[in-house]
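In: What shape does this take:
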Amino acid sequence: MSDTAITANWEDLIRFYAEAGVDSALSDAPIDRFAEAATLAAAQPKRTAQPDNSMRNATPAQAGGVQSQARSDAPQTNRTQQKPQTSIPAQTAIAPEVLLEDARKLARSAASLNDLQQAMAGFDGCRLKFTAKNICFADGTADAELMVIGDTPGRDDDLEGIPFSGPAGQMLNRILAAINLTREQAYLANTLPWRPPGNRPATPLEVDLCRPFLDRQIELVAPKVIVALGDPAAKALTGSREPIYKLRGNWHSLTTAGEQSVAIMPSLHPDYLLRTPAQKRFAWEDWLMVKMRLAESAA
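Out: Next up, the predicted model:
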């Protein structure tokens, strides 16, 4: 094969990865998934077939129909019984209610933000933990009056382990500077601490499993104002199903499990503002309201 053909093949492969949402590697070394599957299949115990007497008196046509159906069902049965990839720890079928209760217990047991971060890092109920590179717990000052919450970590956040990294973080820094604040004077977090593969939306179960940790994080920070950036974060924190363009510009309230009441301002995410600069004027209106609310609380 010529060098030109090899280069073309690599370009096609990279283009395919980009279209599929693959933008970072989970391991420094390649993993042969076919070899893993073969090893797992060989390790599974072989089952001895039991005679089926129910078809003893069946006609040849009936027996042939059952055998044909069994052959067509066999591949699906094998796929169901196949064990998970060894790179992600195997997990038995645990009811979501049990996982949610475990998350609540871990969150309630955290007496400090450091304890909470360790509890989140040790929680295996959310499988996003095993596909993300880093946990994006928080950034900024723990006792800040302003808490900024996004939806899920992006690629830059996942690589750095810090919420609002990369261009979106730089945009947020400029927004904060416009209301006379620095990044260090706010507390930054996300509704989920782990990035979903390929930046796909988080599932409702993933959001629910991470919510007890977010609620406890809000209680421990005890901010005066929360800015919920983006549609998923705004809906999660306000409990509304309205889209972000209807939620933004209006104050909402969140009552934590500890009976704390916090004012929430939904607004547009910096990523969205980078893609649609014309919407910055609406975000600026939201942040001016945040600035005035913080000034009132300090008076």
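In: Tell me which other helices or strands the helix or strand hosting Arg281 touches.
Out: Assigning secondary structure by DSSP states H and E places Arg281 in helix 280-298. Under the contact criterion of 3 or more CB pairs under 8 Å, 6 or more residues apart in numbering; DSSP states H and E, helix 280-298 touches helix 166-178, strand 225-229, strand 261-267. Where C-beta positions appear, they are placed from N, C-alpha and C, glycine not excepted.
In: Please repeat the previous calculation with a cut-off of 6 Å.
Out: Judged by 3 or more CB pairs under 6 Å, 6 or more residues apart in numbering; DSSP states H and E, helix 280-298 is in contact with strand 225-229, strand 261-267.
In: buried ones in that helix?
Out: Lys280, Ala283, Trp284, Asp286, Trp287, Met289, Val290, Lys291, Arg293, Leu294 (16 or more other CB atoms under 10 Å).
In: And stretch 250-257, by the same measure?
Out: His252, Leu254.
In: and it, what's its mean pLDDT?
Out: Mean pLDDT, computed over stretch 250-257, is 90.
In: And the strands in the chain?
Out: Ranges of strands in the chain, per DSSP state E, are 139-140, 146-150, 186-190, 225-229, 252-255, 261-267.
In: Looking at these, which is nearest to Asp102?
Out: For the strands of the chain, the distance to Asp102 is smallest for strand 186-190, at 20.6 Å, taking CB to CB.
In: ok and that closest one relative to strand 146-150, angle-wise?
Out: Relative orientation of strand 186-190 versus strand 146-150 (axes from the mean of the first three to the mean of the last three CA atoms, to 10 degrees): 20 degrees.
In: now strand 186-190, how far from the chain's geometric center?
Out: Mean-position distance between strand 186-190 and its chain equals 16 Å (CA atoms, centre = their mean, to the nearest Å).
In: any chance of the helices and strands packed on helix 280-298 in JSON lines, with distance to Glu184 and mean neighbour count too?
Out: JSON lines is the format used below for these (distance: least, CB to CB, whole Å; neighbours: other CB atoms under 10 Å):
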{"stretch": "strand 225-229", "distance to Glu184": "16", "mean neighbour count": "27"}
{"stretch": "strand 261-267", "distance to Glu184": "20", "mean neighbour count": "21"}
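In: got the CA positions of stretch 204-216 in PDB?
Out: Taking Å, rounded to 0.1, in the frame of the first residue of the first chain, the C-alpha atoms of stretch 204-216 are listed here in PDB:
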ATOM      1  CA  PRO A 204     -32.300  11.700  33.500                       C
ATOM      2  CA  LEU A 205     -30.900   9.000  35.700                       C
ATOM      3  CA  GLU A 206     -27.400  10.500  35.500                       C
ATOM      4  CA  VAL A 207     -28.800  13.900  36.500                       C
ATOM      5  CA  ASP A 208     -30.700  12.300  39.400                       C
ATOM      6  CA  LEU A 209     -27.700  10.400  40.700                       C
ATOM      7  CA  CYS A 210     -25.500  13.500  40.800                       C
ATOM      8  CA  ARG A 211     -28.200  15.800  42.200                       C
ATOM      9  CA  PRO A 212     -27.700  15.000  45.900                       C
ATOM     10  CA  PHE A 213     -24.100  16.000  45.600                       C
ATOM     11  CA  LEU A 214     -25.000  19.300  43.900                       C
ATOM     12  CA  ASP A 215     -27.600  20.100  46.500                       C
ATOM     13  CA  ARG A 216     -25.100  19.400  49.300                       C
END
